[in-house]
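Asker: quick one, fold the following:
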Amino acid sequence: MPPTLNPGRLLGLSGSYWQTCALHAGVKLGLFTAIGRHARSAEQVAAMMDADPRAVTMLMNALVAMALLKKEGGQYANTDESRLFLDESSETYQGHIILHHHQLMASWADLEKAVRTGRPVRARSSLQDDEARRHFLLGMFNLAMGLAPRVAAALNLTGRRRLLDLGGGPGTYAIHFCQFQPDMQAVVFDLPGTRPFAEDTIARFGLSDRIKFVSGDYLETPLPGRYDMIWVSHILHAENPANCRRIIRKAVDALDAGGSLIIHDFFLHDTLDAPLFPTLFALNMLLGTEGGQAYSQAQVEVMLKEAGLQRIERLPLDSPNDSGLLIGYRSS
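Answerer: Presented below is the predicted three-dimensional model:
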């Protein structure tokens, strides 16, 4: 073995799920929420969670080693990061997307089977139980709440009055776009099971008079109305190339002259082997969809051009998971 090589990196990769499971357990137990803004002993936290004190001490010490908790004099406290993102009382709580990740773990353990067969090993989120759907929708909402203001600022919304948020889930982006552009009216188009959460979310932002929810399947249902802006966020990666072309063509057909179609997704480099997150996300789509995958910017550009869009450009976006924005315009 060359002196500069050792198996440490590989062993670290192989065992990294231990840290993942410790984080997931902390979130599932409500440990970070129990600590809140206080410093508490392991015994206090165990009593609050109705859990075993010895086991809670072991978990909390591991979370200290992971820099998710601080410890001083036998008292444990949240770090700034944990208080901001892992305490359920925080407006920037990310626990739901973490619990969604936890629900994906069983399928990831069957990755070898999916690679051998080329077939998914889990049901799509829309077909799972209510708890799984809740964590997925709330997780998407919480992630989008952090990113949507930056996206709204990056886009030129001047003069845009009629928005379609295609497959828009709870309508987070439609909400922020309408807040940014006071003259905008929007339609959130998604599956019927999403309606209660979407309408409740829209109402909480006081936008029920400007944002309407329409139920439908973006592959099978005709799109309602015409728009000068269509937002397609994290849809294409769940579909095969033929369905992606179909979705884009339907969107373009509903777009007014001069209107814009914006694709928000995890874009691979043209070599298809970077960045890291989209390459791994492609495997996640293998595990959960019949033909979904991550696409490169070049692949999506071809689809947009085939559908008749012009002036296709990539907009800069600083996102936590390498998502990007690709925009094309229908000719006037």
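Asker: in the helix or strand hosting Val45, which residues are buried?
Answerer: Secondary structure assigned from DSSP states H and E places Val45 in helix 42-49. For helix 42-49, burial by neighbour count (16 or more other CB atoms under 10 Å) applies to 42, 44-46, 48. (Glycine included, C-beta is placed from N, CA and C.)
Asker: let me see the mean pLDDT of the helix or strand following it.
Answerer: Per DSSP H and E, helix 42-49 leads on to helix 53-65 as the next helix or strand towards the C-terminus. For helix 53-65, mean pLDDT rounds to 99.
Asker: repeat that for stretch 310-327.
Answerer: 89.
Asker: ok, now stretch 262-276?
Answerer: Average pLDDT, stretch 262-276: 96.
Asker: which positions within it qualify as buried?
Answerer: 262-268, 275.
Asker: could I get it in CSV with only the CA atoms?
Answerer: Presented in CSV, the C-alpha positions along stretch 262-276 are these (Å, rounded to 0.1, in the frame of the first residue of the first chain):
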residue,chain,number,x,y,z
ILE,A,262,-38.5,29.0,-15.5
ILE,A,263,-37.1,25.6,-14.6
HIS,A,264,-35.8,25.2,-11.1
ASP,A,265,-34.0,21.9,-10.6
PHE,A,266,-30.8,20.1,-9.7
PHE,A,267,-28.7,20.5,-12.9
LEU,A,268,-25.8,18.2,-13.6
HIS,A,269,-22.7,19.4,-15.4
ASP,A,270,-22.7,18.3,-19.0
THR,A,271,-20.3,15.5,-18.1
LEU,A,272,-23.1,14.1,-15.8
ASP,A,273,-20.7,13.4,-13.0
ALA,A,274,-20.9,16.6,-10.9
PRO,A,275,-21.9,18.4,-8.7
LEU,A,276,-22.1,15.7,-6.0
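Asker: which other residues reach it?
Answerer: Residues outside stretch 262-276 that contact it (CB atoms under 8 Å, 6 or more residues apart in numbering) are 151, 155, 173, 229-237, 277-279, 281-282, 294-298, 300, 304, 321-327.
Asker: make JSON lines out of the buried residues of stretch 262-276 and add secondary structure and distance to Leu99.
Answerer: Listed next are those as JSON lines, based on DSSP: H, G, I helix; E, B strand; the rest coil; distance: CB to CB, whole Å:
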{"residue": "Ile262", "secondary structure": "strand", "distance to Leu99": "29"}
{"residue": "Ile263", "secondary structure": "strand", "distance to Leu99": "28"}
{"residue": "His264", "secondary structure": "strand", "distance to Leu99": "23"}
{"residue": "Asp265", "secondary structure": "strand", "distance to Leu99": "23"}
{"residue": "Phe266", "secondary structure": "strand", "distance to Leu99": "21"}
{"residue": "Phe267", "secondary structure": "strand", "distance to Leu99": "27"}
{"residue": "Leu268", "secondary structure": "strand", "distance to Leu99": "27"}
{"residue": "Pro275", "secondary structure": "coil", "distance to Leu99": "25"}
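Asker: next SSE downstream of the helix or strand where Val302 lies?
Answerer: Assigned by DSSP H and E, Val302 falls within helix 297-306. Later in the chain than helix 297-306, the nearest helix or strand by DSSP H and E is strand 309-315.
Asker: angles on the backbone of Arg122, please.
Answerer: Per-residue torsions, Arg122: phi -140, psi 160 (degrees, to the nearest 10).
Asker: in stretch 105-121, what's buried?
Answerer: 107-108, 114, 120-121.
Asker: just give me the closest of those to Leu59.
Answerer: Trp108 (21.9 Å; CB to CB).
Asker: does that closest one touch Leu287 like I think?
Answerer: Yes. Contact between Trp108 and Leu287 holds when scored by CB atoms under 8 Å: they sit 6.5 Å apart.
Asker: which stretches of the stretch 51-200 of the chain have low pLDDT?
Answerer: The stretch 51-200 of the chain contains residues with pLDDT under 70 at 124-128.
Asker: what ranges do the strands span in it?
Answerer: 69-72, 75-78, 162-166, 185-190 (DSSP state E, counting those that start in this stretch).
Asker: with distance to Pro53 and mean neighbour count added, can I get those strands in a markdown table?
Answerer: Output for the strands of the stretch 51-200 of the chain, formatted as a markdown table (distance: least, CB to CB, whole Å; neighbours: other CB atoms under 10 Å):
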| stretch | distance to Pro53 | mean neighbour count |
| --- | --- | --- |
| strand 69-72 | 15 | 15 |
| strand 75-78 | 13 | 20 |
| strand 162-166 | 48 | 24 |
| strand 185-190 | 45 | 24 |
